[in-house]
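Novice: Okay, here's the prediction I keep looking at, along with the sequence it came from:
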Amino acid sequence: MEKPRQKFKDIIDQASAAASKMHRDELMFLYKGVPYPVTFCSPEVFRAMESFEARSDDIILAGYPKSGTNWLTQILNDLADIHEKKTQNKQNTVDNEELEEFPYLEVGDTEKYERMKRLPSRRVIVTHLRPEYLPRSIFKNKAKILLLIRNPKDVATSFYHFTKRMAPLPSYETWDDFFEAFMTNKMAWGCYFQYLSEWNKYADDENVMAVTYEELKENRVVGVKNIAAFLGISMTEAELQSVVERSSFQSMKKNSDKTHGSFGEILFRKGGVSDWKNLFSEDQNEKMDKAFEEHMRGTKLGTKLKYEMYCKA
Ligand code: A3P
């Protein structure tokens, strides 16, 4: 069953329309030292977010921009639907347009967190935020957190192409300019290496499960099964197959007009692994390899990313 997505499309369209009238220098603001796009986030909403009350059965998807968060959102929504049908709780059905909220926790208005109290369980909530900026109730109330990570070279590559077409984000004249900005904390939602380092502190928590983009790409059947087991959701073989089929790049791209509107044309770009090889110079490879060594070497998330396999030419 498709959940209503009108609000999702409207919020992105409004942000893009507002951003297209703004000067490049006005597109971002700093909050607690981290850059965010003004057309999606605001200090008022960040402050209101502190009142957000997490539930123990919430499904929190944490992922840095361009890690595949829209992809995993689709999988999690389908799993939540399956769970919903099993529990036969009719009032659980979020097919009511009025109940739709923008899936990213930090994007919306100051009333959003109050409205979210009306959302039936299990809520699927997405965030690009580092753990120290999330409402404490997420950890205190032991919400389940899926941490989606992707190899940093493909994240940078995907982000570069995204900034070229996404009006709310400052674009860059050249890939070299973008790379410089990516490596010096200029990206929306901050530096990816810092993101990984901070989340690594939570990697052993029992309520946190790390998933890589690459492993999902490699084997979606196993990936979806593992995620469902972590969330305590059981499925039939047919249900599993349906989740797997609906989340293929081709299916999602084909359905994107309904789910993402015109944003889908920007979002569903290549959906593959190793596109970085088309952009990175030798010098840029060296710089990123060094940064990865410094921040992630020997860490749980660093090992999970299989840097040697996915990021060495
Ligand atoms: P590319 O730009 O490399 O194609 P996010 O949703 O966090 O913004 O991430 C976007 C990236 O996820 C894009 O990567 C997009 O193509 C990819 N993606 C989206 N849906 C996907 C799917 N079903 N399978 C694989 N990759 C997908």
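Specialist: Arrived safely, thanks for sending. Residues are numbered from 1 along each chain as shown.

Novice: What ranges does the chain have for its strands?
Specialist: In the chain, the strands defined using DSSP state E lie at 28-31, 34-37, 59-63, 124-127, 144-149, 208-212.

Novice: helices or strands up against the fourth one?
Specialist: This means strand 124-127. strand 59-63, helix 69-87 (3 or more C-beta pairs under 8 Å, 6 or more residues apart in numbering; DSSP states H and E). Every residue, glycine included, has its C-beta placed from N, CA and C.

Novice: what would those look like in TSV with distance to the ligand?
Specialist: Output for the helices and strands packed on strand 124-127, formatted as TSV (distance: least, C-beta to the nearest ligand atom, whole Å):
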stretch	distance to the ligand
strand 59-63	6
helix 69-87	3
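
Novice: that older thread, which one, of the strands of the chain, ends up nearest to His260?
Specialist: Shortest distance between His260 and the strands of the chain, using C-beta to C-beta, is found for strand 124-127: 13.6 Å.

Novice: Tell me how many other residues surround Gln14.
Specialist: Gln14 has 12 neighbouring residues, counting by other C-beta atoms under 10 Å.

Novice: With the one 3 residues further on instead?
Specialist: Here the neighbour count serves as a burial measure; for Ala17 (other C-beta under 10 Å) it reads 12.

Novice: where does the spatially closest residue to it that is not a sequence neighbour fall, phi/psi-wise?
Specialist: Nearest residue to Ala17, sequence neighbours excluded (C-beta to C-beta, 6 or more residues apart in numbering): Ala167, at 8.0 Å. With angles defined as degrees, to the nearest 10, Ala167 sits at phi -50, psi -40.

Novice: For Ala167, give its distance to Pro37.
Specialist: 10 Å (C-beta to C-beta, to the nearest Å).

Novice: Which neighbours do these two have in common?
Specialist: With contacts taken as C-beta atoms under 8 Å, 6 or more residues apart in numbering, Ala167 and Pro37 have Ala15, Ala19 as neighbours in common.

Novice: Can you tell me which of the helices and strands packed on strand 124-127 is most buried?
Specialist: Comparing the helices and strands packed on strand 124-127 by mean neighbour count (mean count of other C-beta atoms under 10 Å), strand 59-63 ranks first with a mean of 25.

Novice: can you pull the contacts of Asn185?
Specialist: Pro35, Cys191, Gln194.

Novice: Setting the sequence-adjacent residues aside, check what's closest to the most centrally placed residue in the chain.
Specialist: The residue lying closest to the centre of the chain (C-alpha atoms, centre = their mean) is Thr69, at 3.1 Å. Leaving out its chain neighbours, the residue that sits closest to Thr69 by C-beta to C-beta, 6+ apart is Gly63, at 4.1 Å.
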